[in-house]
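K.L.:
okay, here's the prediction I keep looking at, along with the sequence it came from:
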Amino acid sequence: MIISSMAKNGAILTAFALATTGLVASINALTADKIAEQEQLQLTAQLQEVLDPKSYDNQLSQDCVIITDEKLGPHANQVIYRARKNNKPVAVVIRHVTPNGYSGDINLLTAVLSDGTIAGVRTTKHEETPGLGDKVEVKKSLWITTFKSLTVEGEKDARWAVKKDGGQFDQFTGATITPRAVVGSVKNAVLFAQTNFDDIFAAPNAECMEVAK
């Protein structure tokens with residue numbers, strides 16, 4: 001009697017598990033395309049925030065290389081998008097990370113034109129202190145937009161520091177570490193773009209379908 005009851009309960013549990021698994025699989029199948037579409041829209045919006053879409057005519061989100069270089073941060077495989085117009089290189093959009101934020105990694109997106117000037121910078125992910133370091137986020141402050149149209153004149157360009165360190169960039173009251181980290185990371189990304197611009201465009205295209213970070 002006991003064995004019969006256990007067998008019955010086991011069968012019920014098995015049926016429940018199969019039904020649940022099937023339901024989850026069905027939901028995933030039904031929503032996968034919608035999720036992919038939303039991710040693509042989010043990525044396109046990010047790219048357009050740092051680079052005017054009128055400046056290029058290729059599908060920016062599909063034209064990229066994947067680079068590992070210490071100038072772009074401590075993590076491997078950073079994505080660099082390549083903007084072209086009439087098949088000529090016009091800009092690169094670089095994902096890069098600084099680990100030197102007050103609360104760890106700060107993810108950034110920087111667009112650099114072919115002449116080495118910056119088209120735009122945005123912070124795409126961070127864990128900085130609300131009300132202090134989170135001013136690197138454009139929704140909190142326009143500070144991140146001050147990079148536009150600037151350039152870097154070599155490794156020793158002393159302007160690329162916060163004012164407290166003798167540079168040209170404002171720091172935040174009570175939060176110098178965060179803007180200092182962002183300034184250093186953007187400087188490195190621009191130097192990387194200036195040095196490797198032609199090589200980036202000469203490289204074969206990579207699988208760059210990624211989730212906006």
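P.N.:
That came in fine, so what should we check first? Residues are numbered from 1 along each chain as shown.

K.L.:
state the distance from the nearest residue to residue 73 once chain neighbours are set aside to residue 163.
P.N.:
Using C-beta to C-beta, 6 or more residues apart in numbering and skipping the chain neighbours, the partner closest in space to residue 73 is residue 97 (3.3 Å). (Glycine included, C-beta is placed from N, CA and C.) According to C-beta to C-beta, to the nearest Å, residue 97 and residue 163 sit 24 Å apart.

K.L.:
picking up where we left off before, is it true that the residue nearest to residue 73 touches residue 74?
P.N.:
Yes - in this structure, residue 97 is within contact of residue 74 by C-beta atoms under 8 Å, at 6.9 Å.

K.L.:
more crowded one of these two?
P.N.:
Using other C-beta atoms under 10 Å, the more surrounded residue of residue 97 and residue 74 is residue 97, with 21 against 10.

K.L.:
doesn't the more buried one lie inside a strand?
P.N.:
Yes - counting by DSSP: H, G, I helix; E, B strand; the rest coil, residue 97 is part of a strand.

K.L.:
list the contacts of it.
P.N.:
Going by C-beta atoms under 8 Å, 6 or more residues apart in numbering, residue 97 touches 72, 73, 74, 75, 78, 105, 106, 107, 108, 185.

K.L.:
most neighbours out of the residues you listed, which is it?
P.N.:
Neighbour counts for those peak at residue 108, which has 28 neighbours (criterion: other C-beta under 10 Å).

K.L.:
got phi/psi on it?
P.N.:
Note on residue 108: backbone dihedrals following degrees, to the nearest 10 are phi -130, psi 160.

K.L.:
for it, which non-adjacent residue is closest in space?
P.N.:
Of all residues not flanking residue 108 in the chain, residue 96 sits nearest, at 5.4 Å (C-beta to C-beta, 6+ apart).
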